[in-house]
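> Kindly generate the corresponding structure for this input.
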Amino acid sequence: MAATPQNAAAATPRRKVSRHRGEGQWAVGHLTPLNGNEQFKKDDDGLNVRTRIETIYSKRGFDSIDPNDLRGRMRWWGLYTQRKPGIDGGKTAILEPEELDDKFFMLRVRVDGGRLTTEQLRVIGEVSQEFARGTADITDRQNIQYHWIRIEDVPEIWNRLEGVGLSTTEACGDTPRVILGSPVAGIAADEIIDGTPAVEEIHRRIVGNPAFSNLPRKFKSAVSGSPLLDVAHEINDIAFVGVRHPEHGPGFDLWVGGGLSTNPKIGVRLGAWVPLADVPDVHEGVISIFRDYGYRRLRNRARLKFLVADWGPEKFRQVLEDEYLGRKLTDGPAPEQPTQRWRDHVGVHRQNDGRFYVGFAPRVGRVDGALLAKIADLAEAHGSGRVRTTVEQKMIVLDVEETRVESLVAGLEALDLRVGPSPFRRGTMACTGIEFCKLAIVETKARGSQLIDELERRLPDFDEPITINLNGCPNACARIQTADIGLKGQLMLDERGEQVEGFQVHLGGALGLEPSFGRKVRGLKVSSAELPDYIERVLTRFQAERADGERFAAWAARASEEALS
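Just a heads-up that it's a prediction; the model follows:
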């Protein structure tokens with residue numbers, strides 16, 4: 001179906017060649033690189049940088065790295081330079097990349113479908129302790145992220161990870177990123193369909209394949225057969241959502257064109273029902289459309305969501321069927337509304353085989369290598385050796401016998417890993433923030449952890465589901481627009497006229513079958529120091545003014561600006 005790696009660009013044009021430079025779409029003849037990113041990708045496939053890392057850079061050190069590899073192609077293997085310590089948020093936008101770069105890296109480990117064994121988790125922990133100063137954050141895309149990685153250590157880290165079936169291949173860059181999957185696929189008692197075979201086949205076909213290693217920008221995928229809609233399908237480039245067709249039975253509803261960042265868009269349904277066996281073909285068709293028709297001229301328009309918005313779902317489906325699949329897709333139903341508010345699988349739940357899975361909440365995804373080793377020990381002692389990560393920065397231990405549940409819960413709680421967390425522990429998410437990220441303006445991880453403690457102390461009886469997402473910059477890695485309370489980092493002046501870290505506030509965002517982006521109150525900014533006071537005030541007003549059974553997002557949409565200030 002797809003073009004071969006050698007002739008992908010030449011094989012893709014399908015329409016009349018245009019003479020103007022347009023949007024840089026290969027499929028309409030715009031094959032000349034129109035910016036530096038497109039040029040370095042044309043000069044050399046990002047996948048090829050691994051050889052240079054192994055044979056040159058790891059032996060000669062950081063200063064030997066070519067700039068186009070350092071800030072470009074090395075991302076194809078999960079490596080980003082991290083922020084040099086001591087640079088405040090006011091300098092983020094004004095310093096040159098080489099001034100922001102530290103001589104250490106963030107390294108992202110792919111965890112497709114969120115699936116890990118305790119052996120893999122233990123190796124992740126060992127690498128963390130030996131090479132990453134203990135760091136090992138759980139991301140909101142089911143990955144694990146290290147910091148403080150030296151280029152000299154990367155080949156040995158790859159050797160350790162790949163020895164247990166893990167990879168950093170295309171964890172970053174203009175590539176097919178990690179494939180999100182339901183963390184309880186194949187075991188949840190209420191599951192519509194198990195998407196695991198599709199995740200595995202998509203990974204086999206796409207990841208590390210040079211036919212798909214030069215995309216206009218990143219491409220995010222999700223597959224879940226859970227009725228809880230547990231992979232944030234609404235904000236992925238492509239998502240397959242479990243549904244039951246009245247004639248054909250369980251399968252997937254196809255969504256395309258979701259994404260956040262500075263120009264957020266909710267994905268759209270194509271109205272197509274896809275059987276499990278066809279999911280990899282359809283995925284390959286959609287990613288090929290993105291490769292061939294995606295906008296490559298401007299980086300800020302080089303995501304699939306812009307093409308989908310311009311074409312509309314009808315044209316997109318037609319091109320997919322006519323030019324890539326060579327057949328029509330079956331019309332199908334939309335997903336049903338989830339019956340539960342939380343989609344993170346935290347708590348104790350019965351599996352389809354009578355055993356139990358136990359989900360727990362670290363603080364804002366922050367864990368370390370030593371803690372991961374202890375989690376692996378608990379999971380081996382109480383389960384079958386299978387653990388999962390979630391898109392809410394949580395973890396799950398699978399296959400626990402009923403007689404072992406109480407002991408496992410006690411062991412996790414002793415490690416400050418809450419199985420029955422407060423709404424604030426459960427619902428607070430934070431991106432990497434200024435501690436390591438070169439794009440960030442403010443601190444997030446420590447701020448989020450402190451905020452949890454304050455809100456638990458101030459509002460001990462608050463028991464409504466609430467999401468509080470902190471982001472260090474406008475790029476929305478922590479999904480601020482779709483949180484009940486979304487906090488976008490920025491610098492502001494306090495009452496004394498001094499510049500301090502603060503946040504622009506978004507209120508009432510939501511995912512689900514009625515997704516919405518948070519409301520911004522004119523001029524509303526809150527300093528980091530004032531966050532606990534502000535959120536306590538808003539949640540207290542919500543409790544006083546809400547209608548019976550009303551969710552925070554619905555209340556925030558109708559509340560006065562005074563009530564939200």
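
> quick one, what contacts residue 85?
residue 102 (C-beta atoms under 8 Å, 6 or more residues apart in numbering). (C-beta placed from N, C-alpha, C; glycine too.)

> Secondary structure of it: a helix, I assume?
No - counting by DSSP: H, G, I helix; E, B strand; the rest coil, residue 85 is not found in a helix; it is coil.

> Spatially nearest residue to residue 409 (excluding sequence neighbours)?
Leaving aside its sequence neighbours, residue 409 sits nearest to residue 419 (C-beta to C-beta, 6 or more residues apart in numbering; 4.8 Å).

> Setting the sequence-adjacent residues aside, check what's closest to the spatially most central residue of the chain.
Most central in the chain under C-alpha atoms, centre = their mean is residue 141, positioned 3.0 Å from the mean C-alpha point. Of all residues not flanking residue 141 in the chain, residue 178 sits nearest, at 5.5 Å (C-beta to C-beta, 6+ apart).

> Check residue 122 too.
Using C-beta to C-beta, 6+ apart and skipping the chain neighbours, the partner closest in space to residue 122 is residue 376 (4.5 Å).

> secondary structure class for that neighbour?
Three-state assignment for residue 376 (three-state DSSP): helix.

> And for the one 3 residues further on?
For residue 379, the assignment made with three-state DSSP gives helix.

> Against residue 396, how distant is it?
9 Å (C-beta to C-beta, to the nearest Å).

> Equivalent analysis for residue 409, please.
From residue 409 to residue 396 the distance is 13 Å (C-beta to C-beta).

> Low-confidence stretches in the stretch 1-150 of the chain?
In the predicted model, the stretch 1-150 of the chain carries pLDDT under 70 at residues 1-21.

> Okay, strands next: where are they in the stretch 51-200 of the chain?
Per DSSP state E, counting those that start in this stretch, the stretch 51-200 of the chain carries strands over the ranges 79-83, 101-109, 115-117, 137-138, 144-149, 176-181.

> For residue 485, find the nearest of these.
Smallest distance to residue 485 across the strands of the stretch 51-200 of the chain (C-beta to C-beta): 21.1 Å, for strand 137-138.

> Going by contacts, tell me the helices and strands next to the closest one.
Judged by 3 or more C-beta pairs under 8 Å, 6 or more residues apart in numbering; DSSP states H and E, the packing partners of strand 137-138 are strand 144-149.

> Kindly calculate the angle that the strand it packs on makes with strand 79-83.
Using axes from the mean of the first three to the mean of the last three C-alpha atoms, to 10 degrees, the direction of strand 144-149 lies 60 degrees away from that of strand 79-83.

> can you list contacts of strand 144-149?
Here strand 144-149 has contacts from 79, 82, 104-109, 111, 124, 127-128, 131-133, 135-139, 157, 389, 432, 436, using C-beta under 8 Å, 6+ apart.

> can you list the weak-confidence ranges in the chain?
1-21, 513.

> contacting residues for residue 330?
Residue 330 makes contact with 245, 248, 272-274 under the criterion C-beta under 8 Å, 6+ apart.

> Now do the helices in the stretch 251-400 of the chain.
279-293, 304-311, 313-319, 369-382 (DSSP state H, counting those that start in this stretch).

> Can you tell me which of those helices is most buried?
Of all those, helix 279-293 carries the top mean neighbour count, a mean of 23, counting by mean count of other C-beta atoms under 10 Å.
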